[in-house]
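Chemist: sequence isn't available, so here's the structure alone:
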């Protein structure tokens, strides 16, 4: 009793009739309590000294390693009207199997002979290109003929000029000779006249000398006139040679201009040919887009459009598709504080939704129902949820993952780190320290280098 009051009632109570009080006040109770505390402390000490595998836990989803093995949507490349469905949800299709047939809804492609008419236009344009090429060759021949004609006429004119120069030179010599003869005849006439005045010569001799002097003077004037005429002819030949050059330049410039015009038309036609070839290829490829086929072996999971006669837009998703063959992986996210602890190649223990498991996070060897994994890749940038994405592939040294796993199923992952004692792990978690991931410094000089 508490014995708070001065009036004690201990003498009035029969303790033997109160078994609970007898046990409490018995000295054996104290011994049992001490034993319990002692063995409890020993058990606690043993437990906290046990090894503990540090780990990072995260929830994830099943995905695939290769992007071409993940679920995808099949789109319509062209806008069209649904004519016929060849599949239904859950069907298995092989690569190239027809899924859907659509028809054209644009008036530009309604013509049933569109390819044939476009090909005819293309052939006509190609013929035009060939014709322009022939015209350019003919104009090149005209230019060569003009050059040859100019060369011949120039040679002919220069020969005439050389001949005229020789004539001028010859006439110049004749003219000088005529001048000398005229001077001699004039001098002889003057002497004859003087002798006639003295009576030493007759009038007939004087007349002869006079006639000869006049003849030499006339010859001088004739040779001079011939010399000047040849000089004038040389000037005329030079003018004619310049006219030949001017006429050639005019004809050559006109023919060259016509050639450039023809080449420009040819280039325009070749551009039209390329445009028509592009259109023809597009039309030919578009014909194949009326039939939507399976890109690879897989399953039709869900039809996103339905019915007959409905229209679909270009690029609109028609159905979702799951490839048949895929290599599973787990996509998980870790906090930035845990990222330095994780490296590619480290081991991970995985628990999948729907597969029963008994998990001891600190003793992965004692867990049941978990599967081995290996870190395959770590994103180099943070995700929108503020964490880093990690891909985990199956560990080939462990037993295989269940065959019935599907992409998108949930999982829980534990990234295994260092082995420490439980007391250290408790102390680390209480203080909020990260797991042990620092490596010991090198002790030798060689390692330090």
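Modeler: Happy to help now that I have it. If you're wondering where the values come from, they're calculated on a predicted model, not measured in any experiment.

Chemist: for residue 344, phi and psi?
Modeler: Main-chain dihedrals, residue 344, degrees, to the nearest 10: phi -60, psi 140.

Chemist: show me the contacts for it.
Modeler: By C-beta atoms under 8 Å, 6 or more residues apart in numbering, residue 344 lies in contact with 375, 376, 377, 378. For every residue, glycine as well, the C-beta is placed using N, CA and C.

Chemist: residue 316 now?
Modeler: 75, 76, 305.

Chemist: can you give me the neighbour number for the second one?
Modeler: So the one you mean is residue 76. 21 (other C-beta atoms under 10 Å).

Chemist: just give the nearest non-adjacent residue to it, would you?
Modeler: residue 312 (4.7 Å; C-beta to C-beta, 6 or more residues apart in numbering).

Chemist: contacts only, for residue 97.
Modeler: Counting by C-beta under 8 Å, 6+ apart, residue 97 has contacts 86, 87, 293, 294.

Chemist: same check on residue 114?
Modeler: Contacts of residue 114 by C-beta under 8 Å, 6+ apart are residue 283.

Chemist: again, but for the one 4 residues further on
Modeler: With contact taken as C-beta under 8 Å, 6+ apart, residue 118 is in contact with 276, 279, 280, 283.

Chemist: surely residue 99 meets residue 299?
Modeler: No: assessed by C-beta atoms under 8 Å, residue 99 is found out of contact with residue 299, at 11.9 Å.

Chemist: shared neighbours, the two?
Modeler: Common neighbours of residue 99 and residue 299 (C-beta under 8 Å, 6+ apart) are residue 93.

Chemist: the more surrounded of the two?
Modeler: Neighbour count, other C-beta under 10 Å: between residue 99 and residue 299, residue 99 has more, with 20 against 17.

Chemist: can you give the domain ranges for the chain?
Modeler: For the chain, automatic domain parsing gives the domain ranges 1-48, 53-68+326-440, 71-97+294-323, 114-264.

Chemist: so which of these comes closest to residue 108?
Modeler: domain 114-264 (8.5 Å; C-beta to C-beta).

Chemist: so what would you say the end-to-end distance of that closest one is?
Modeler: 29 Å (C-alpha to C-alpha, to the nearest Å).

Chemist: run through the helices of the protein in chain order.
Modeler: 19-25, 28-48, 114-198, 203-288, 422-431, 445-448 (DSSP state H).

Chemist: relative to residue 248, how far out is residue 162?
Modeler: To residue 248, residue 162 is 21 Å away according to C-beta to C-beta, to the nearest Å.

Chemist: in terms of neighbours, single out the busier of the two.
Modeler: residue 248 (17 against 12).

Chemist: residue ranges with poor pLDDT in this structure?
Modeler: For the chain, applying pLDDT under 70 flags the ranges 1-31, 50-55, 355-369, 415-429, 431-449.

Chemist: centre-most residue in it?
Modeler: With distances taken as C-alpha atoms, centre = their mean, residue 278 lies nearest the centre of the chain, 20.0 Å away.

Chemist: follow-up on the earlier one: would you agree the residue nearest to residue 76 is in contact with residue 306?
Modeler: No: judged on C-beta under 8 Å, residue 312 makes no contact with residue 306 at a distance of 10.9 Å.
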